[in-house]
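*Asks:* Pasting the sequence and the predicted coordinates here, then a few questions.
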Amino acid sequence: MMANPIVSDMVHKLYPERPFVPDLFFSFLPFMEWTQYLSDPLLMLEMVVFIYYVAKYAMKRLPEVLFGVGFIHWARALLIILTPMGRVYAYAKPYGIFQGIITHGQFPSGHAAAAALMFFLIEDKRRKLKWSCFWLLVGQIAVLLLSRGHYSIDIAGGLMIAYIAHRKGDDWARKLRV
């Protein structure tokens with residue numbers, strides 16, 4: 001968990017003058033700064049739905065969950081330092097409800113990755129929970145774009161990392177069960 005803030009600070013120290021990069025989505029979507037305060041609560045709500053799912057239906061899948069979360073954190077830490085893109089805001093500014101935290105790493109989006117991983121891990125037969133997580137993921141993506149919390153490529157990268165974490169976690173857990 002500490003790898004992400006450490007490499008985020010490294011990026012800021014090594015590349016303090018990173019430029020703002022234009023994003024096509026920002027040309028079409030309005031900037032609604034207030035939506036940044038929805039990002040963390042949406043993720044927390046999805047976590048509540050997911051924890052309920054795991055506790056009630058899928059305790060046996062706990063190794064996959066832990067692998068996925070760990071994979072996302074380590075992949076994100078590695079990719080943040082390898083892709084020192086400028087922040088979406090051209091200046092250092094806190095984001096979301098945790099105003100004391102300023103992250104300097106952008107790619108991939110941890111919010112999008114975590115939300116997508118929870119969606120991927122819920123079994124298809126749990127339709128209501130799966131659809132709940134799907135709509136919370138869609139809301140998370142919309143909020144991140146409208147608030148300029150992440151570039152669109154950061155969100156796409158988060159979705160890809162979550163998919164890889166899900167597939168590899170599933171393979172890993174299957175090998176453990178054999």
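*Replies:* Cool, the structure landed. Values in this document were obtained by computation on a predicted structure and should not be read as measured data.

*Asks:* contact partners of stretch 22-29?
*Replies:* Judged by Cβ atoms under 8 Å, 6 or more residues apart in numbering, the contacts made with stretch 22-29 from elsewhere in the structure are 88, 145-146, 148, 151-153. In short, each C-beta sits where N, CA and C put it, glycine included.

*Asks:* Only the buried residues of that stretch, if you could.
*Replies:* Across stretch 22-29, burial judged by 16 or more other Cβ atoms under 10 Å covers 23, 26.

*Asks:* do stretch 158-168 as well
*Replies:* Of the residues in stretch 158-168, those scored as buried under the neighbour-count criterion (16+ other Cβ under 10 Å) are 158-159, 161-162, 164-166.

*Asks:* all helices of the chain, in order?
*Replies:* Taking DSSP state H, the helices of the chain run over residues 3-14, 24-28, 36-57, 62-82, 110-121, 127-146, 152-177.

*Asks:* any chance of these in JSON lines, plus distance to Gly96 and mean pLDDT?
*Replies:* What follows is the helices of the chain, written out as JSON lines (distance: least, Cβ to Cβ, whole Å; pLDDT from 0 to 100):
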{"stretch": "helix 3-14", "distance to Gly96": "15", "mean pLDDT": "70"}
{"stretch": "helix 24-28", "distance to Gly96": "18", "mean pLDDT": "87"}
{"stretch": "helix 36-57", "distance to Gly96": "5", "mean pLDDT": "89"}
{"stretch": "helix 62-82", "distance to Gly96": "17", "mean pLDDT": "85"}
{"stretch": "helix 110-121", "distance to Gly96": "9", "mean pLDDT": "91"}
{"stretch": "helix 127-146", "distance to Gly96": "9", "mean pLDDT": "92"}
{"stretch": "helix 152-177", "distance to Gly96": "15", "mean pLDDT": "83"}
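
*Asks:* Of these, flag the one that's most buried.
*Replies:* When you average the neighbours per residue for each of these (mean count of other Cβ atoms under 10 Å), helix 110-121 leads with a mean of 26.

*Asks:* got the angle between that one and helix 127-146?
*Replies:* Following axes from the mean of the first three to the mean of the last three Cα atoms, to 10 degrees, one obtains 160 degrees for the angle between helix 110-121 and helix 127-146.

*Asks:* what helices or strands is helix 110-121 leaning on?
*Replies:* Where contact means 3 or more Cβ pairs under 8 Å, 6 or more residues apart in numbering; DSSP states H and E, helix 110-121 is packed against helix 36-57, helix 62-82, helix 127-146, helix 152-177.
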